[in-house]
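>>> predicted structure and sequence below. I'll ask about it afterward.
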Amino acid sequence: MTDSPPPSGRPEGAQTALFVLFRPVLFAIGASGLALGALLLTHRNSPSPPPAIVAETALPDPDPAPPVSAADFRGGLDPADFKGFQSAQPPTQQAQPSSDPEPPAPDRYELTLRLEKGDTIDKMLADIEVPETDRKAIVDALHAILKKRKIAVGEEIQLEIQTLPGQSDAPRVLSLSIRPQPEREYIVKRSDDGSYSGEEKTYRVSPRIVRVEGERHGSLESSGIAGGAPSQAMVEFIRALSYDVDFQRELKEGQKFTVLLEQLVTSDGKITHPGRLLAGELHLGKRSVTVIRFRPQNGAEQFYNPKGESVVRSFLRTPMDASKVTSRFGMRDHPILGYSAMHTGVDFGAPSGTPILAAGAGKVMMAGYNGGYGIFVKLEHTRDIGTGYGHMSRLGPGIKPGVAVRQGQVIGFVGSTGMSTGPHLHYEFYRGGRPVNPLAQKFAMQASVGGKDLARFKGLAGQYVAQLKNAPKVAKPDAFDDNHASKVDAGKRETAKEGRQPNVAARSRIVPKKHTDATIASGPVTSEKPAVKHRSKVTASHTRQLANGS
């Protein structure tokens, strides 16, 4: 027979090699399974442990409860005896607020009405649905303090009104005030018992010095008004400057000026007078011109320069605050006739309607239409000197031949009558009856401060010059236009509606007051009233919430 190779010498396959490799792992898994099975069998067959023995503890007998008698029930049950038995709420839970809403607070607000032609206080209050009993009480209280005084048409009536919840159609007037003059006010107030009483309140008036600073843009007068100066003060300032300043050659756009004003103010800040001119300063680039108001002893009040010399000269340098010289004295090509001719005066271009001032005191020799000059005024100042003013749109008040005029008086207004290509003033100056160049004339000062007045003037002048730099500035007026007014009024009416205010109809805005009397209770107003826009019955203005944090 053929001998076979021993097992160790046989070739091994892939499966045999894997078995040999994982054989230790398989033995380990099998041993672990046997151990777990034996452990489970041992735990199931083991006896349960014996019950634990609890040692008994002897407790002492409690004290016997005291007997209950009838006296224990005579005073009733005290809730504090059961305090320990009350169930405690979880610490995270809070007491829930009451679901009932609080009643709304009364709505209080202010209302400004204006007295129109034909209005009475009773009628105005009825228009905002004030109850009749309250209206009668208010009118009676107002009559008692006004006595026989009457309220002017256009006067403002200040009201403080309250509307109660659920009674918005019956507003309650808490106070009514009328201030016809800044220093005097009439007030009617409601008492706690529902009655009304009136009082007259007066305010102390005292002077206050302020300054206005500005730059020239356009005319000097309009520039000052834009800065907060009253028109009358600026007119005085321009007249005081006109003796020394050539407005056509020296006055430029953007030049700075300052005016010092004396206002009259009440104790609560109301201005009774917008300001009297005390001093002024104009910067002309290379030089500055300062004018100071002063009254010498036994003399008339007028303006002086800081040296004490009167600014008043025999004639004004120029007869108005014009913008520029449009044509000078001498030969020129005539703009209408088309040929060269002598121009016997100086033309000052200015807007139509600009006031024309008399260059000096004198007598009116001619006033009316004069051919190519249009509306023309000729003044005679002395036997040798005269002035002429042409192309006016109209004459000044009271100007006619034979009338005496003072220096600086308005004798007419700029226009374009006669042979003219546009609004301007043709100004002529005569010596011995012949026209000469007005801009080449020199005029002497008339007076100066002297004697005992000089020391007083120097002290006042030093004070005014310092205040021109450090006095408080006047508040500038707010810009206001019709479109802005309509938007503001619309917003106020909307606020009144949301605030449960009475139904107030739209009315014209406040206009300048007229010194025309109107009745208080029932009599109609017969005086004339200026035309206003959007006129209707009642005005609601300056509405302001006083309650509810608004």
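That came through fine. Residues are numbered from 1 along each chain as shown.
>>> tell me what G214 is bridged to.
F257 (DSSP bridges).
>>> right, and it touches S223 too?
Yes. Under the criterion of CB atoms under 8 Å, G214 makes contact with S223 at 5.2 Å. For glycine as for every other residue, the C-beta is placed from the backbone atoms N, C-alpha and C.
>>> my guess is R23 is in a helix, correct?
Yes. R23 forms part of a helix when assessed by DSSP: H, G, I helix; E, B strand; the rest coil.
>>> what's the neighbour count on it?
When neighbours are counted by other CB atoms under 10 Å, R23 registers 10.
>>> can you give me the pLDDT of it?
With respect to pLDDT, R23 has a value of 74.
>>> shared neighbours of G214 and S223, anything?
F257 (CB atoms under 8 Å, 6 or more residues apart in numbering).
>>> grab the nearest non-local neighbour of E221.
M234 (4.5 Å; CB to CB, 6 or more residues apart in numbering).
>>> only C-alpha atoms, please: export the host helix or strand of the one you found in CSV.
Using DSSP states H and E, M234 maps to helix 231-242. Only the C-alpha atoms of helix 231-242 are listed here, as CSV (Å, rounded to 0.1, in the frame of the first residue of the first chain):
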residue,chain,number,x,y,z
SER,A,231,-40.2,147.6,12.2
GLN,A,232,-40.3,151.0,14.0
ALA,A,233,-36.9,150.4,15.6
MET,A,234,-35.4,149.5,12.2
VAL,A,235,-36.9,152.6,10.5
GLU,A,236,-35.3,154.8,13.2
PHE,A,237,-32.0,152.9,12.8
ILE,A,238,-32.0,153.5,9.0
ARG,A,239,-32.9,157.2,9.4
ALA,A,240,-30.1,157.7,11.9
LEU,A,241,-27.6,156.0,9.5
SER,A,242,-28.8,157.8,6.4
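>>> what comes into contact with the biggest strand by length in the chain?
Using DSSP state E, we find that the single longest strand of the chain is strand 271-283. When contacts are defined by CB under 8 Å, 6+ apart, strand 271-283 is touched by residues 181-183, 205, 209-210, 220, 229-230, 233, 236-237, 240-241, 245, 255-266, 288-293, 464-465, 467-468, 474.
>>> tell me the angle that strand makes with helix 231-242.
Per axes from the mean of the first three to the mean of the last three CA atoms, to 10 degrees, the angle that strand 271-283 makes with helix 231-242 is 30 degrees.
>>> mean confidence for strand 271-283?
92.
>>> partners of that strand, with directions?
strand 256-266 (antiparallel), strand 288-294 (antiparallel).
>>> could I get the buried residue list for that strand?
For strand 271-283, the neighbour count (16 or more other CB atoms under 10 Å) marks 271, 275-282 as buried.
>>> ok, now stretch 259-267?
259-266.
>>> relative to P171, which of those is nearest.
Nearest to P171, judged by CB to CB, of the buried residues of stretch 259-267 is T266 at 30.2 Å.
>>> what about the closest residue to the closest one other than its chain neighbours, distance to L174?
Spatial nearest neighbour of T266, chain neighbours left out: Y203 (3.8 Å); criterion: CB to CB, 6+ apart. Distance, Y203 to L174, using CB to CB, to the nearest Å: 22 Å.
>>> try P131
Taken as CB to CB, the span from P131 to L174 is 14 Å.
>>> ok, now A359?
Per CB to CB, A359 is found 61 Å from L174.
>>> so which of these two has more stuff around it?
A359 (29 against 17).
>>> that one falls within a helix, correct?
No. With three-state DSSP as the criterion, A359 is coil rather than part of a helix.
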